[in-house]
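From the sequence below, what's the structure:
(2 chains)
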Amino acid sequence: MTAAARRGRRPAASPGGRAPVLFLVPAAVAVGFLAVPLAGLLGRTPWGSIGAELASPRVLEALRLSLVCSLGAVAVSVVLGVPLAFLLARVDFPGRNLVRALTTLPMVLPPVVGGVALLLAFGRRGLAGQWLDRAFGITLPFTTAGAILAEAFVAMPFLVITTEAGLRAMDRRFEDAAATLGAGRWTTLRRVTVPLIAPSLGAGIALCWARALGEFGATITFAGNLPGVTQTMPLAVYLALETDLEAAIALSLVLLAISAAVLVALRDRWFPTA
Amino acid sequence: MSLQARVEATVGRLHLDAEVAVATGELVVLLGPNGAGKTTLLRALAGLVELDGGRVVLDGAVLEDTATGARVATERRPIGFVFQDYLLFPHLSALENVAFGLRARGVPRAEARRRAAAWLERVGLAGHDASRPRALSGGQAQRVALARAMVSDPRLLLLDEPLAALDAAARAEVRRDLRRHLASFDGTRLLVTHDPLEAMTMADRLVVLEGGRVTQTGTPGQVSARPRTRYVAELVGVNLFRGRAAGAAVQLDGGGTLVAAGEHHGEVFASVHPRAVALHRRAPEGTPRNVWAGTAETVDVVADRVRVRVAGTVPIVAEVTPAAAAELWLADGGPVWVSVKATEVTVYPA
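Sure, this is the predicted structure:
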């Protein structure tokens, strides 16, 4: 296409074009609306004492627990979610769309509802919980394992969706090429498929981890708020808000930093042209 | 014959039903228009396409037989495949790409790397071991793909349009090298192309595939001398007619008659080279046996000749010199007389 044709097609929307005045005010308000809370958080941060705040046993405990739970949730999601993504992307089974809808549901479900549902399913009297209790003596609610479960419930869809999209976008003829070179299914998966979808897999893991780290509603509903057992950072922030504002701010800052890091890590994926 | 294959497969709207046989050491070129099923046939031989029916036998070993249900998985077939866009693994270096097949077949890492490096050197890419496919030129990528396919000593080498992704400048050189490497390969070779020049210059034998069916086979000389379909006739640039012969006269299916020099009977093809077609302003006198009136429809200049498509009872393409075209006032088209000597009409059984 010639430059003239390109200009002809989009006369007003060239990159250097002026924005419609009518949009300027709402857009500015939107930016402010999103930025002011961040500024508020950073402005109220007690920079002098933040080191001490972060080193307090209570914060450290929440930090440690959050890492354990979120990484546990990522592990559960990878072990269960990646095979699910493969099936959704590659196998045409009856009810596939239903399964995909079910998989995506936790992304739009209010987390507290997820927590209630988990409680009804895995609680000591729940559908699966009853059986777990009788057969193995395992109880999940109000345990660290329960918190991991709650976080995985909410975060796994991000990994499944992103991985499935990566698998669908991948040129499957690379797998054909691997087969003609003598690679069986497992070798092909390990040496060709997974490396080729690594960017999607990485993005899925990052999103999944960020979501698990920030999980609040399902965790507090299903696993409760026991310091050192189920009290992860978001729960600790909420609680500290009542008693120790500076600790709440310090914890919030850590979560903000992690979110920013995930955003930077994924910027090429989300803003490829920017 | 070391490869004998009958392949029936359906992919999308294409229904492939073709038989191919290739002798050891022979280079067979599969030629056909786009969408004829050439790639599908190669993929079927590699086991990448499910067969509706058929049998693939390589060096006496059955790779697939739908009658008995026998099927050797792609990764267990002794084949090498060069894909049209090469499909080099983008996350692996050139050396790792070439070594991939050896590693997958259980060759220890050090030996695989040594053999892969030797092959890269053999295709003229010494020093590119660590290059990623993205950093390679089209010609270099093609050589890596060839080395990758040949490094594990396959018995059957399948090449899908190995030069199609290259620009004209790189193609001539890569074609020469490809021919050299193919000549050094002692197994069975099957190459796909839609480029007639490539086909004619490389093939020991041609198999023409059209609409999923084999329409003609033979040496390049045989195929170009006696085209059996419109597609092949256009490739080699001759006028092709089909009809019934009774003695010297051939009653054409499309109407009209051509008189040939020899005697033939039954269903035949008759071909006439465009340069053997003479055009005249007035009805010619003299010896030509085939004379008819027509209308010059399109006039194109091709290199140093002028191609004239003449409509009439026997539609035909003539090639005349620019001087003759000027003399005939052909630039505007219009009525012309066509004459063809009987000795210039080649007749062969259909």
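
quick one: low-confidence parts of chain B?
In the prediction, chain B carries residues with pLDDT under 70 at positions B:1, B:287-288, B:331-332.

Look through it and tell me its longest helix.
helix B:168-183 (DSSP state H).

what's in contact with that one?
B:27, B:122-124, B:137-139, B:142-143, B:146, B:150, B:157, B:162-163, B:166, B:189, B:191, B:198, B:201-202 (Cβ atoms under 8 Å, 6 or more residues apart in numbering or on different chains). Every C-beta, even on glycine, is put in place using the N, C-alpha and C of the backbone.

Got a quick ChimeraX command for the buried subset of the residues you listed?
Selecting only the buried entries of the contacts of helix B:168-183 in ChimeraX, with 16 or more other Cβ atoms under 10 Å in any protein chain shown as the criterion:
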select /B:27,122,123,138,139,142,143,146,150,157,162,163,166,189,191,198,202
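
Please flag which of the contacts of helix B:168-183 sit within strands.
B:L27, B:L157, B:R189, B:L191 (DSSP state E).

quick one: which two of those residues are the most distant?
B:L27 and B:L157 (9.2 Å; Cβ to Cβ).

what is in contact with the two at once?
B:L182, B:R189, B:L190.

And the residue of the stretch 251-350 of chain B that's closest to chain A?
Nearest residue of the stretch 251-350 of chain B to chain A, counting by Cβ to the nearest Cβ: B:D300, 27.8 Å away.

That residue against B:E319, yeah?
No: using Cβ atoms under 8 Å, B:D300 makes no contact with B:E319, being 9.9 Å away.

Just want to know which of those two has more residues nearby.
B:E319 (21 against 11; other Cβ atoms under 10 Å in any protein chain shown).

what's that one in contact with, if anything?
B:P274, B:R275, B:V277, B:V302, B:R305, B:V306, B:R307, B:V308.

how does it look with 10 Å?
Residues in contact with B:E319 (Cβ atoms under 10 Å, 6 or more residues apart in numbering or on different chains) are B:237, B:273-277, B:279, B:300, B:302-308, B:325.

now, which of those sits nearest B:Q4?
B:G237 (33.0 Å).

what's the closest non-adjacent residue to that closest one?
B:P274 (6.6 Å; Cβ to Cβ, 6 or more residues apart in numbering or on different chains).

rewinding a little: return every residue with contacts to both of B:D300 and B:E319.
Joint contacts of B:D300 and B:E319 (Cβ under 10 Å, 6+ apart) are B:V306, B:R307, B:V308.

Scan these and report the most crowded one.
That'd be B:V308 among these, by other Cβ under 10 Å, with 26 neighbours.

hang on, isn't A:A210 packed against A:S259?
Yes: using Cβ atoms under 10 Å, A:A210 is in contact with A:S259, at 6.3 Å.

between the two, which one's more packed in?
A:A210 (22 against 13).

List the residues that contact that one.
A:S70, A:V74, A:A155, A:F158, A:L255, A:I258, A:S259, A:A261, A:V262, A:L263, A:A265, A:L266.

Go through those and say which is closest to A:V108.
Distances from A:V108 to these, taken by Cβ to Cβ, are shortest for A:F158, at 12.1 Å.

Quick one: name the residues of chain A near chain B.
A:171, A:173-185, A:187-188, A:191-192, A:194-196, A:198 (Cβ under 10 Å from any Cβ of the partner chain).

From these, which land in helices?
Short answer: the residues of chain A next to chain B in helices (DSSP H) are A:173-180, A:185, A:187-188, A:194-196, A:198.

Turn the buried ones among those residues into a named PyMOL selection, would you?
Those of these that count as buried under 16+ other Cβ under 10 Å are selected in PyMOL with:
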select buried, chain A and resi 174+175+176+177+178+179+180+187+188+196
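
Farthest pair within the ones in helices among the residues of chain A next to chain B?
Every pair of these checked by Cβ to Cβ; the farthest is A:T180 and A:A198, at 22.7 Å.

Is any residue of the helix or strand harbouring B:A110 near chain A?
Using DSSP states H and E, B:A110 falls within helix B:109-122. No: Helix B:109-122 lies out of reach of chain A by Cβ under 10 Å from any Cβ, never closer than 11.5 Å.

got the CA positions of that helix in PDB?
C-alpha atoms of helix B:109-122 as PDB (Å, rounded to 0.1, in the frame of the first residue of the first chain):
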ATOM      1  CA  ARG B 109      24.700 -35.500  22.500                       C
ATOM      2  CA  ALA B 110      28.400 -35.200  21.700                       C
ATOM      3  CA  GLU B 111      28.200 -37.400  18.600                       C
ATOM      4  CA  ALA B 112      25.000 -35.800  17.500                       C
ATOM      5  CA  ARG B 113      26.600 -32.400  17.600                       C
ATOM      6  CA  ARG B 114      29.700 -33.600  15.900                       C
ATOM      7  CA  ARG B 115      27.700 -35.100  13.000                       C
ATOM      8  CA  ALA B 116      25.500 -32.000  12.800                       C
ATOM      9  CA  ALA B 117      28.500 -29.700  12.600                       C
ATOM     10  CA  ALA B 118      29.900 -31.900   9.800                       C
ATOM     11  CA  TRP B 119      26.700 -31.600   7.900                       C
ATOM     12  CA  LEU B 120      26.600 -27.800   8.300                       C
ATOM     13  CA  GLU B 121      30.100 -27.700   6.900                       C
ATOM     14  CA  ARG B 122      29.100 -29.900   4.100                       C
END
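
list the contacts for residue 111?
Just going to use chain A. A:150-151, A:153-154, A:211, A:214-222.

actually it's chain B I care about, not the one you picked
B:A99, B:L102, B:R103.

Can you sort out which of those also neighbour chain A?
Okay, of the contacts of B:E111 touching chain A (Cβ under 10 Å from any Cβ), that's B:A99, B:L102, B:R103.
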